[in-house]
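1. Mind looking at a prediction? Sequence and model below.
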Amino acid sequence: MSDDSQQAPLEMSIDALLGEDGLPLPGVDASSWLGGPTPDTLKSAFGAFPSGVAALCAEVDGVKRGLAATSFTVGVSFEPPLVLCSVQNTSTTWPHLREAARIGVSVLGAGHESVCMELARKGEDKFANLTAIPTEHGSLFIAGAPVWLECSIVTQTPAGDHTLVVLQVDALSVLPDEDPLIYHAKQFRRLAG
């Protein structure tokens, strides 16, 4: 059974329990629609949330390192300026990247799908087909990205099968007319104009 056919009866049932004002009718309880999380339902639920895609890159000991992250959050704090990223514990790149003095965070733009795929793959030379712009601190930025944030690591906190990384923004650049790359429901998307 496809995901669409599983959701259609649920949507019809929910609509039948809402009043004309869109609010639940008296006595309605959502418990009957909830179930325990499974790997498939978690992937579906998390994938339903659209997110931007960030590239975290730096040169460490003479080697260019980078990874792509869809679990990136800006505006964690304005004073000091903090952002947050979640990195899989199985990442072979993060143990090297976290040793960098500063990390270049590039919020990827529309048209950077191939950049994301290069940085997401396994292997050492992820930069063979990428244009990365260095800074004096060792950060690397992806050309054409709408936002560049040069960051230093503040904290790393284990959280299940990931590590939550809080980064302080030390310097930045913004190209306001460039659209971001969006990841939603296992697909890359663009903002509608």
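-> Noted; the coordinates are in hand. Computed from a prediction, not measured in an experiment: that's the story for all the values here.
2. Please make it C-alpha for all contacts and neighbour counts, starting now.
-> OK.
3. tell me which residues in the host helix or strand of Ser114 are buried?
-> In this structure, Ser114 is located in helix 113-120 according to DSSP states H and E. Of the residues in helix 113-120, those with enough neighbours to count as buried (16 or more other Cα atoms under 10 Å) are 113, 115-116, 118-120.
4. ok, those residues vs Ser86, which is closest?
-> When the buried residues of helix 113-120 are compared for distance to Ser86, the smallest value, 14.0 Å, is given by Ala120; criterion: Cα to Cα.
5. Would you check that that closest one makes contact with Cys57?
-> No: judged on Cα atoms under 8 Å, Ala120 makes no contact with Cys57 at a distance of 11.9 Å.
6. what's the overlap in contacts for these two?
-> Here Ala120 and Cys57 share the contacting residues Leu67, scored by Cα atoms under 8 Å, 6 or more residues apart in numbering.
7. pLDDT value on Pro37, please?
-> Model confidence at Pro37, expressed as pLDDT, equals 83.
8. before we move on, which element is it in?
-> Per DSSP H and E, there is no helix or strand for Pro37.
9. Give me the average confidence score over stretch 126-138.
-> Per-residue pLDDT over stretch 126-138 has a mean of 92.
10. what does stretch 100-114 give?
-> 93.
11. where does this structure have its least confident helix or strand?
-> For the chain, the helix or strand with the lowest mean confidence is helix 3-16, at a mean of 52 (criterion: mean pLDDT, DSSP states H and E).
12. Could you report the distance from Leu97 to Asp61?
-> Distance, Leu97 to Asp61, by Cα to Cα, to the nearest Å: 10 Å.
13. try Phe46
-> When Cα to Cα is applied, the distance between Phe46 and Asp61 equals 35 Å.
14. what number of residues lie near Glu136?
-> When neighbours are counted by other Cα atoms under 10 Å, Glu136 registers 7.
15. what about the protein, any weak spots by pLDDT?
-> Scanning the chain for pLDDT under 70 picks out 1-14, 16, 32-33, 49, 193.
16. which residues does the residue nearest in space to the middle of it contact?
-> The chain has Thr70 as the residue nearest its centroid, 1.5 Å off, counting by Cα atoms, centre = their mean. With contact set as Cα under 8 Å, 6+ apart, Thr70 has these partners: 51-54, 183.
17. Which two of the residues you listed have the greatest separation?
-> Pairwise distances across the contacts of Thr70 peak at 10.6 Å for Ala54 and Tyr183 (criterion: Cα to Cα).
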